[in-house]
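>>> got a sequence here, can you model it:
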Amino acid sequence: MRRICAVKRSVRFPISAVLLRRLALASIIANVGIVVTGGAVRLTGSGLGCPTWPRCTEGSYVATAEMGVHGVIEFGNRLLTFVVVLVAAAALLAALLHRPRRRSVVLLAASVVLGIVIQAVVGGITVRMQLHPSIVGIHFVISMLLLLAAYAFWRRTGEPDGPAFPLVPRPIRTLVGLTVAAAAAVIVVGVAVTGSGPHAGDADAVRNGLDPETISQVHADLVFLLVGLSVALWLALKAVGAPPAAVRAAAVLLLVELAQGVVGFVQYFTNLPALLVGAHMLGSCLVWLATLAVLWSVRERRPVTPTATPAAAAERAVEVNA
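Numbers count the residues shown, from 1 in each chain. Below is the predicted model of the structure:
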């Protein structure tokens, strides 16, 4: 009887693991999607289509006919937030029900749910602050942090519970860290560029007062730095014989950056058409995810062997890291 139960468990839980990983991936996709649709709200001038929050109007939680297309667009984006929450909640439930339950996976899944709730509150503050560019910028940065949490959750579902071991020498890991920092700086300054531009989300929304040409130049300079670091990283990984997955991740990052750069320059010199600005927002998410892929590709988690205690394995990881 015990043997039959063990066989049933061996069939059941690998399926649960697959489902958990798929839900984690769905969470990443949903968070990218809400960034793009949120951009569509701003680019169509629908940021105040629902002028209050959590209600759409003072007397209704839904858009009314009098609000027109802008109300429909803004309310539609709010509805999509519930889809993102449902996907994240399903992933958290799967993490709780999966056996053996893994504390790190549950915590990462919970962080995504918590982040979405915080993001929704900030979105409400954004509406109440009449789309102030500083709050809008914080809203976007939180989206990038949510992508980080969702990506970490997804990767963790495919890793064992042992400590992380570096796969490349320390100088390469330092270069990876600089690349991640540069990518983050590009995104943050890009938010400032957006806050100085014409797509405010509403005709009456204020701008941040920065000179668009000057801040755009700073943004471009940081992009050049990021591309240069990415080229150096790709070449360095090939030179030290890094794992093929790490080399591929660096190559993908470079290609995504170049594509994003082309979109950025074209949108700048064509007076920021809404469609290209939307594509650039999607590109920001893809650049960030490609950067995170590189960060994860230069280390790996290994199972803790029965003969080694977790403390010994962690001590070994520190020795290798040094």
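>>> who are the contact partners of the closest residue to Cys285 other than its chain neighbours?
Spatial nearest neighbour of Cys285, excluding adjacent residues (C-beta to C-beta, 6 or more residues apart in numbering): Val32 at 4.7 Å. Quick note: C-beta positions are derived from backbone N, CA and C, even for glycine. Val32 sits next to Leu147, Leu282, Cys285, Leu286, Leu289 when contact means C-beta atoms under 8 Å, 6 or more residues apart in numbering.
>>> let's see that with 10 Å instead.
Ser143, Leu146, Leu147, Ala150, Met281, Leu282, Ser284, Cys285, Leu286, Trp288, Leu289 (C-beta atoms under 10 Å, 6 or more residues apart in numbering).
>>> same deal with Ala30?
With C-beta under 10 Å, 6+ apart, Ala30 has these contacts: 80-81, 83-88, 91, 112, 116, 146, 150.
>>> quick check: it is in a helix.
Yes: counting by DSSP: H, G, I helix; E, B strand; the rest coil, Ala30 falls inside a helix.
>>> what about it, distance to Leu253?
Going from Ala30 to Leu253 by C-beta to C-beta, to the nearest Å gives 23 Å.
>>> now, the most widely separated pair of the contacts of Ala30?
Greatest spatial distance in these: Leu80 and Ala91, 16.8 Å, computed using C-beta to C-beta.
>>> could you list the low-pLDDT ranges of the stretch 101-250 of the chain?
Within the stretch 101-250 of the chain, the segments meeting pLDDT under 70 span 200, 202-203.
>>> and the strands in it, which stretches?
Secondary structure of the stretch 101-250 of the chain (DSSP state E, counting those that start in this stretch): strands at 164-166.
>>> so what's Val117 up against?
Residues in contact with Val117 (C-beta under 10 Å, 6+ apart) are Thr81, Val85, Ala88.
>>> please apply the same query to Val122.
With C-beta under 10 Å, 6+ apart as the criterion, the residues that contact Val122 are Ile135, Val136, Ile138, His139, Phe140, Val141, Ile142, Ser143.
>>> hmm, try it at 8 Å
Taking C-beta under 8 Å, 6+ apart as the test, what Val122 contacts is Ile135, Ile138, His139, Ile142.
>>> same question, Ala91
Per C-beta under 8 Å, 6+ apart, neighbours of Ala91: Leu20, Leu23, Ala24, Ala26, Ser27, Ala109, Val112, Phe153.
>>> now the last one. Nearest residue, chain neighbours left out?
Leaving out its chain neighbours, the residue that sits closest to Phe153 by C-beta to C-beta, 6+ apart is Leu108, at 3.9 Å.
>>> show me what contacts the one you found?
Neighbour list for Leu108: Ala95, Ala149, Ala152, Phe153, Arg156 [criterion: C-beta under 8 Å, 6+ apart].
>>> surely the first one is in contact with Ser104?
Just to be clear, that refers to Ala95. No: the pair Ala95 / Ser104 is not scored as a contact, 9.6 Å apart, by C-beta atoms under 8 Å.
>>> okay, the two: which has more neighbours?
A direct count of neighbours by other C-beta atoms under 10 Å for Ala95 and Ser104 places Ala95 higher, at 25 against 15.
>>> ok, now which ones touch the more buried one?
Leu20, Arg101, Arg102, Val105, Val106, Leu108, Ala109.
>>> what about Leu48, neighbour count?
Using other C-beta under 10 Å, Leu48 is surrounded by 22 other residues.
>>> how about Glu257?
When neighbours are counted by other C-beta under 10 Å, Glu257 comes out with 23.
>>> and it, what element?
Taking DSSP states H and E as the definition, Glu257 sits inside helix 244-269.
>>> that helix packs against which elements?
If you count contacts as 3 or more C-beta pairs under 8 Å, 6 or more residues apart in numbering; DSSP states H and E, helix 244-269 packs onto helix 212-239, helix 274-297.
>>> ok, residues contacting the next helix or strand after the last one?
Next helix or strand after helix 274-297 toward the C-terminus (DSSP H and E): strand 299-301. Counting by C-beta under 8 Å, 6+ apart, strand 299-301 makes contact with Glu159, Pro160, Asp161, Gly162, Pro163, Ala164, Phe165, Pro166, Leu167, all of which sit outside it.
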